[in-house]
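Peer 1: just the structure for this:
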Amino acid sequence: MADPSTTVSVAVEPDARSDWTLSDGVFGKFGEHLGSAMYPGVYEDYVTNGCFEVWNTVEGGGPDGNAFPETPEHDDTAYPWEPLEREGEVTLSQKEGGVRGREYDDALEGDLGIPDRYGPDPEGVAGPRFQRVTVDGEGGVAQRVALPDYRTDGFDVSVSVRGDDLAACSVALTTPGDAVLAEATLPVTDDWERHEVTLSLGDESPERYRESRYGEYRLVLSASGTGTVDFDWATCLPDDAVEGIYNPETIDLLKEYDVTNVRWPGGNYASQYRWRHGVGPVAERPVVPIVNWGGLEPNYLGTNEWLRFCELADVEPYLTVPFWSPAGPEAAAEWVEYVNGDPDETELGALRAEHGYEEPWDVEWWGVGNEVWGDFQVGGTDAVDYAERYAEYHDAMRAVDPDIRLDASAIDPWLTTVHDGSYEDRRRGERPVWNDLLFEHAPDSLEGADVHRYTVGLDGEDPDDREAWLDEHDEDPVGYNELLVNFPRAWADMFADLRESATEHGHPDLRITAGEWELVPSTNDDWPSARRGTMAHGTYAARTFQTFVNHGDAIRLGHWTDFSLFLHPDPDRNLPPHPGARVQKAFADPIVESDADWYRVETDVTGSPTRDHPKAGYSNLERDDIDLVDAVSVGGEAGLATWLVNGSLRESVTVDLDYGETCAGADAAVIRFSGADGDPFAVQESWEELDGLVREEFPLSLSANGTGSVDLPPAGVAVVRFDEELSADPTAG
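Peer 2: So this is what the prediction gives:
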């Protein structure tokens, strides 16, 4: 590390503590129920569209759950399955019927709050399908799958089959080139029968899934002879899945990296979610088109499966109910009763027990709607309508369980693409009035607000426009990234705005949930990028956690939009836990590991270098003199920790620490993070070693005056940790 040219002073007063305790709920994750983060990230099925349904397409849609999105569509074959023709004549067709599949839902195709550009495509799919294979020779269907063969060589495959006695069939795992690695013969009768087999790989596939650890295979369902075979409801799960369905690596990673709670089922998908679709026997649950993103939801992972997963991963669940007229307050209240109701005293609690879950789940945290202010949202509306209807949800849900805690759908006060949530009145460029109207018209019982923040920059702009922005502001690509990395320092003003508005409208004790947050830098292809996997991105996360502590009397939950710990084959690469996750663990460890209360400790920073914060994009508003170096401290009976962050992407700094006489001669442990070779944009890519990240641990002995120093490289983060009580009076405030 180059010799620092700047010294920053940090004074900590261990005895000066907040009169409120910190919540470890800020170390949470957002769990949007779609794509491979859920399947196989949680429910470890590696088959997409295993029920052979008509695929749902959304133009410009997002992660639809298919690990191989380049797979072409084929006539008479359920996407993303592909035809397999080995010899002779093979004919494929999708037929109506089968053992499990789609059901027609007029709410998704009617004029009931579905945005015009969404809705099922194609429309009018009125029932389930299955895949028919007619052969005079040998052939069938195959699907490319990326399997965790580094972990196990056994995979449990289930499939429903029927046919005539002139054809035989088999299920196999092959290489992409069709070399059979494991195969099992399946009996064929003229009635549907479900078969479960374990395929044990004799050899690994020679193909690796892009740049990840996963092997690339094909799951093949084939028929031979002369005749017809029908296939439906195919799944493929590793034989080491926890309780037969859960991804063990996700469970282990969420525990290891101190994730304390997860919000589910989203997100945009939460807006259309029907909880009854995901309870009861899996065979009876419908396959549902995902209208915002495209693809199909098989509903294997329903309410009880999700809550059992949370139990296994030791995370607290947060459930978002849909704000959509076909669901409504009554359905929301019924979901609360199903989840928390006593089986001996409530009808839906008894139904849960009938489904195999006797004990109430006692879910405390609930949210009403997701980004209801958006014209892209199922059930989206304006602020006054939402506030008035929120009161109905509140009363109905609380009548079932008065102990739950409810959040309303608020808005980032700087999101200038929304005004009051009405479709006709966008007023792009002006601050939204959503929160003011929500707080004005909501009931007195309003207690919490769910706010989302994505730091993007000049999103969707032409690359030449970003270059012009650099010229206009005398910046370079590193400075542009530095602006985004340090946005959480300005974000503190956003929380202050939100709390001020709530207080003005009679809600002075508003609780805040940072329900979605993330840095997604929009950069030119030839620029460095503070993307996930870099220490620059980890510094953004560290600054965010500092902001959460500084507003810790109000911010009780934070849900990071980061699915990297939900282990799955990513369409691009499957990166290991990134620097930001490692920073979270270092911050959270002392808090999560103890049962003691933790407080914010008075910490004063002087001499920090600063930078301007010009407007960059639709929600990064202008600020002057943003401090690049910051520190917060947390403490309690279990110890004291100071979180140091250098937001400069160019310069190293020395931080002079002064803890005063309380810490005279005390010994601390320091954990310091930086990019490999001092490069904030180096990417951590290896699962076996630190290649893009430097993590150091070293002791720090304070002087007789309670002073010491720590150097921070560019985008450097450090935790100075004392694992014992250092305050003379733990209740001092």
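Peer 1: what's the host helix or strand of T235 packed up against?
Peer 2: T235 is located in strand 215-238, with elements delineated by DSSP states H and E. Contact partners of strand 215-238 among helices and strands, from 3 or more CB pairs under 8 Å, 6 or more residues apart in numbering; DSSP states H and E: strand 82-96, strand 129-147, strand 154-163, strand 167-174. Yep, even glycine has a C-beta here, placed from its N, CA and C like the rest.
Peer 1: E345 is nearest to which of the ones you listed?
Peer 2: strand 154-163 (37.3 Å; CB to CB).
Peer 1: so for that closest one, what gets flagged as buried?
Peer 2: 155-163 (16 or more other CB atoms under 10 Å).
Peer 1: now do stretch 3-21
Peer 2: Those would be 4, 6, 8-18, 21, for stretch 3-21 by 16+ other CB under 10 Å.
Peer 1: what about these, which are in strands?
Peer 2: 6, 8-18, 21 (DSSP state E).
Peer 1: export the residues you listed as a markdown table, with columns for distance to L557 and pLDDT.
Peer 2: A markdown table is the format used below for those (distance: CB to CB, whole Å; pLDDT from 0 to 100):
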| residue | distance to L557 | pLDDT |
| --- | --- | --- |
| T6 | 35 | 92 |
| V8 | 31 | 98 |
| S9 | 33 | 98 |
| V10 | 28 | 98 |
| A11 | 30 | 98 |
| V12 | 26 | 98 |
| E13 | 28 | 97 |
| P14 | 27 | 96 |
| D15 | 29 | 93 |
| A16 | 26 | 96 |
| R17 | 22 | 96 |
| S18 | 18 | 97 |
| T21 | 14 | 97 |
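Peer 1: give me the domain ranges for the protein.
Peer 2: If you go by automatic domain parsing, the domain ranges for the chain are 1-22+459-506+515-565+597-733, 50-238.
Peer 1: ok so, going back, looking at the buried residues of strand 154-163, spot the one nearest V135.
Peer 2: Scanning the buried residues of strand 154-163 for proximity to V135, where the rule is CB to CB, the winner is G163, at 9.9 Å.
Peer 1: beta partners for the residue nearest to that closest one when sequence neighbours are not counted?
Peer 2: In space, G163 comes closest to V229 once its chain neighbours are excluded; the distance is 3.7 Å by CB to CB, 6 or more residues apart in numbering. V229 has these beta-bridge partners by DSSP bridges: V133, G163.
Peer 1: quick one: residues contacting A179.
Peer 2: Listed by CB atoms under 8 Å, 6 or more residues apart in numbering, A179 has no contact partners.
Peer 1: ramachandran coordinates for it?
Peer 2: A179 adopts backbone torsions of phi -80, psi 120, taken as degrees, to the nearest 10.
Peer 1: so how far is Y209 from it?
Peer 2: Using CB to CB, to the nearest Å, A179 is found at 17 Å from Y209.
Peer 1: just the closest of the buried residues of strand 154-163 to Y540, please.
Peer 2: F155 (38.3 Å).
Peer 1: hmm, back to that, do you know which of the helices and strands packed on strand 215-238 lies nearest V291?
Peer 2: Here strand 129-147 is closest among these (CB to CB), at 19.0 Å.
Peer 1: would you mark the buried spots in the closest one?
Peer 2: Buried, per 16+ other CB under 10 Å, within strand 129-147: 129-136, 138-147.
Peer 1: centre of the chain versus it, how much separation?
Peer 2: Chain-centre distance of strand 129-147: 33 Å, with CA atoms, centre = their mean, to the nearest Å.
Peer 1: what mean pLDDT does it get?
Peer 2: Here strand 129-147 scores 96 as its mean pLDDT.
Peer 1: only the buried residues of stretch 618-633, if you could.
Peer 2: 618-621, 623, 626-633.
Peer 1: name the nearest residue to A410, sequence neighbours excluded.
Peer 2: A449 (3.7 Å).
Peer 1: distance of the one you found from E467?
Peer 2: 38 Å.
Peer 1: between the two, which is the more surrounded one?
Peer 2: For A449 and E467, the more surrounded residue by other CB atoms under 10 Å is A449, and the numbers stand at 26 against 14.
Peer 1: dump the residue contacts of the residue nearest to A410.
Peer 2: A449 neighbours (CB under 8 Å, 6+ apart): 407-410, 435, 438, 498, 502, 510-513.
Peer 1: my read is it is in a strand, agree?
Peer 2: Yes - counting by DSSP: H, G, I helix; E, B strand; the rest coil, A449 falls inside a strand.
Peer 1: so how many other residues sit close to the spatially closest residue to F548 that is not a sequence neighbour?
Peer 2: Distance criterion CB to CB, 6+ apart; nearest residue to F548, sequence neighbours excluded, is V26 at 4.3 Å. Applying other CB under 10 Å, we find 27 residues neighbouring V26.
Peer 1: tell me who's in contact with V26.
Peer 2: V26 neighbours (CB under 8 Å, 6+ apart): 514, 545, 548-549, 552, 555-558.
Peer 1: turn those into a markdown table, columns for secondary structure.
Peer 2: Shown next, in a markdown table, are the contacts of V26 (three-state DSSP):
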| residue | secondary structure |
| --- | --- |
| A514 | strand |
| F545 | helix |
| F548 | helix |
| V549 | helix |
| G552 | coil |
| I555 | strand |
| R556 | strand |
| L557 | strand |
| G558 | strand |
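Peer 1: which one of these is nearest G479?
Peer 2: Nearest member of those to G479, counting by CB to CB, is F545, at 23.7 Å.
Peer 1: any stretches of the stretch 601-733 of the chain with poor pLDDT?
Peer 2: Confidence mapping of the stretch 601-733 of the chain against pLDDT under 70 gives the ranges 725-733.
Peer 1: run the last query once more with 50
Peer 2: 728-733 (pLDDT under 50).
Peer 1: strands along that one, start to end?
Peer 2: 610-613, 623-627, 629-636, 639-646, 653-658, 667-675, 693-701, 707-712, 717-722 (DSSP state E, counting those that start in this stretch).
Peer 1: quick one: strands adjacent to the fifth one?
Peer 2: Within its sheet, and counting by DSSP bridges, strand 653-658 is paired with strand 6-21 (parallel), strand 707-712 (antiparallel).
Peer 1: my reading is that E467 lies in a strand. Confirm?
Peer 2: No - assessed with three-state DSSP, E467 is helix; it does not lie in a strand.
Peer 1: quick check: closest non-adjacent residue to it.
Peer 2: Here the residue nearest E467, using CB to CB, 6+ apart, is N524, at 7.2 Å.
Peer 1: surely the one you found meets A468?
Peer 2: No - with contact defined as CB atoms under 8 Å, N524 does not reach A468; the gap is 11.6 Å.
Peer 1: looking at those two, which is more packed in?
Peer 2: Between N524 and A468, N524 has the larger neighbour count (other CB under 10 Å), namely 18 against 13.
Peer 1: the more buried one in helix, strand or coil?
Peer 2: N524 - assigned by three-state DSSP - is coil.
Peer 1: how near is it to E472?
Peer 2: Counting by CB to CB, the gap from N524 to E472 is 15 Å.
Peer 1: tell me, how many residues neighbour H507?
Peer 2: H507 - counted by other CB under 10 Å - has 22 other residues nearby.
Peer 1: residue numbering should commence at 376 henceforth.
Peer 2: OK, 376 is where the count begins now, so the last one is H882.
Peer 1: am I right that it sits in a helix?
Peer 2: No - applying three-state DSSP, one finds H882 to be coil, outside a helix.
Peer 1: OK, contacts around it?
Peer 2: Neighbours of H882 in contact, by CB under 8 Å, 6+ apart: 814, 817, 821.
Peer 1: and these as JSON lines, adding pLDDT and distance to G755?
Peer 2: Converted to JSON lines, those look like this (pLDDT from 0 to 100; distance: CB to CB, whole Å):
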{"residue": "F814", "pLDDT": "95", "distance to G755": "19"}
{"residue": "A817", "pLDDT": "90", "distance to G755": "18"}
{"residue": "L821", "pLDDT": "92", "distance to G755": "20"}
